[in-house]
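*Asks:* whatever this is, show me its structure:
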Amino acid sequence: MTYHLSDFGWNEALQTENQSSIAEGQTIARVISEYKQQYKVLTENGELFAEITGKMRHEALSREDFPAVGDWVVVEERLQEQKATIHTILPRFSKFSRKAAGNRTDEQIVATNMNTVFLVMALNRDFNLRRLERYLMMAYESGANPVIILSKSDLCEDIDNKVSDVESIAFGVPIYPVSAKENTGMNELKNYLGKGQTIVFLGSSGAGKSTLTNWLCGEEIQKVSYIREDDDRGRHTTTHRELIVLQSGGAIIDTPGMRELQLWDASDESVSHSFSDIEELTTQCRFRNCTHQNEPGCSVKEALEEGKLEQSRFNSYLKLQRELAFLERKMDKQAQLKEKNKWKKIAGDRTRKHRH
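*Replies:* Sure, this is the predicted structure:
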C-alpha cells in the first residue's frame with residue numbers, strides 16, 4: 001500500500017523548512033512506534049523497521065537526541081529488506097515529556113509533533129481534578145493545544161456538575177463529555193482530526209483511551225479489555241506508544257496509561273496558564289514577596305477563608321512549585337554533566353584523529 005506524506009501529517013510548511021536536510025537518496029518518514037531504540041517508521045512506501053546510524057548514536061548526549069513516536073525523520077530506505085536507516089531527526093514543533101518513573105532524572109518523551117493533546121479522564125472513579133491539573137500544565141508546556149475529554153459519560157449521573165468542576169480549573173479549555181458505548185460526542189472530537197493534524201491521547205490507565213481510538217478509527221485498532229464490575233475500570237492493554245494513521249486523514253498517537261506523571265520541564269508561563277486564578281490573587285497581596293502564610297493583606301489567604309479558592313487546589317499549586325524548584329536544581333546539575341560529556345567526546349574524537 002502506498003501513502004502520501006500528507007496523509008499522516010506532512011505539509012508544505014514542513015517541506016519548506018526542512019528541504020535542505022534531505023540529501024539525494026534519502027526520504028522523509030514518520031516514527032510510528034519505538035521500543036528500546038528499535039523503531040518502526042512510515043514512508044510513502046509503507047511501514048519499515050528502522051535503526052539509527054552509528055554517528056547519531058555516538059553524538060547523542062541525552063534522550064532528546066534519539067527518535068520518538070511522532071518524529072519526522074530523514075531515512076535511507078532498503079525496501080527489499082523492508083528496513084530503513086534513520087539519519088536525522090527534523091526539528092519538533094511540539095513535544096510532551098515527563099520525568100521517567102523512578103529516582104533518576106531522565107526524560108521520557110511521550111509524543112512529538114502533535115497539534116492537539118486530548119487529556120482523557122473517565123467520569124467514574126478515575127475522576128481526579130488534581131491529576132488533571134498536572135496534565136494541563138504539561139500540555140501547555142508541550143506547545144500543543146489541550147482539549148479535555150470526559151470519557152465514559154454513560155457511567156455518570158451528574159455530568160453537568162463534573163463539567164463545572166473541570167471548568168473551575170481549566171480556564172478556556174474545550175471540554176467534551178463523550179461515551180463510546182452510547183456513541184455520543186464523536187462529532188465534536190472529529191473537528192480536531194483531518195489531513196495534516198495529529199492528536200495524542202493522554203490519561204491514566206483505564207481512562208478509555210484505546211476505546212476512543214477504536215471509536216474514532218471506526219475499527220478495532222487497539223485491543224481493549226472490558227470494564228471490571230468491582231471498580232468500573234477497563235484493564236489497559238496499550239503497552240507502548242503508537243501512531244495510527246486514519247483513513248479519513250490525520251493521525252492519532254495512543255499512549256500507555258500513566259500511573260505517575262512527574263514533571264520534566266515547566267516554565268512560569270505554563271504555571272500561569274494552569275493556575276491563572278491563583279497567580280491573579282498573588283498580584284493582589286499587600287506584599288510582593290508574600291508567602292501566603294501569616295502576612296497581613298494576603299489575598300490568597302482571604303480567598304481560602306472565604307471559600308473562593310479550594311484548599312486542595314492551593315496545596316496542588318504549592319506542591320507543583322516545590323517540584324519545579326527541585327527539578328530546576330537537578331536540571332542545572334544535569335546540564336553541567338551534559339556539557340562535560342560533550343567536551344569529553346570532542347576531546348576523544350580529536351585524539352582518535354591524531355592517532356590515524
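
*Asks:* number of nearby residues for Gly172?
*Replies:* Counted with other CB atoms under 10 Å, residues neighbouring Gly172 total 8. Using the backbone N, CA and C atoms, a C-beta is placed for each residue, glycine as well.

*Asks:* please apply the same query to Val110.
*Replies:* Neighbourhood size, Val110 [other CB under 10 Å]: 25.

*Asks:* now it, what's its secondary structure?
*Replies:* Three-state assignment for Val110 (DSSP: H, G, I helix; E, B strand; the rest coil): strand.

*Asks:* quick one: the helices in the stretch 101-250 of the chain, in order.
*Replies:* In the stretch 101-250 of the chain, the helices defined using DSSP state H, counting those that start in this stretch lie at 129-142, 159-167, 186-190, 209-217.

*Asks:* out of those helices, which is closest to Thr53?
*Replies:* The closest of the helices of the stretch 101-250 of the chain to Thr53 is helix 129-142. By CB to CB, the value is 27.7 Å.

*Asks:* mind listing what's buried in that closest one?
*Replies:* Residues 129, 131-142 are the ones in helix 129-142 that count as buried (16 or more other CB atoms under 10 Å).

*Asks:* give me the below-cutoff pLDDT ranges for this structure.
*Replies:* Within the chain, the set of residues satisfying pLDDT under 70 comprises 1-2, 99-106, 219-240, 257-273, 326-356.

*Asks:* please enumerate the strands of it.
*Replies:* Under the criterion DSSP state E, the chain carries strands at the ranges 27-35, 38-43, 46-52, 72-78, 83-89, 95-99, 107-112, 116-122, 145-151, 175-177, 198-203, 242-245, 251-254.

*Asks:* could I get those strands as TSV with distance to Glu167?
*Replies:* Below are the strands of the chain laid out as TSV (distance: least, CB to CB, whole Å):
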stretch	distance to Glu167
strand 27-35	35
strand 38-43	38
strand 46-52	41
strand 72-78	35
strand 83-89	38
strand 95-99	23
strand 107-112	26
strand 116-122	13
strand 145-151	9
strand 175-177	7
strand 198-203	18
strand 242-245	30
strand 251-254	26
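
*Asks:* looking at the ones you listed, which is nearest to Leu61?
*Replies:* Nearest to Leu61 among those is strand 107-112 (11.7 Å), distances taken as CB to CB.

*Asks:* ok and the closest one relative to strand 72-78, angle-wise?
*Replies:* 80 degrees (axes from the mean of the first three to the mean of the last three CA atoms, to 10 degrees).

*Asks:* note down every partner strand of strand 107-112 and its orientation.
*Replies:* Strand pairing for strand 107-112, using DSSP bridges, gives strand 95-99 (antiparallel).

*Asks:* you'd agree Phe66 is up against Ile52?
*Replies:* Yes. Assessed by CB atoms under 8 Å, Phe66 is found in contact with Ile52 at 7.0 Å.
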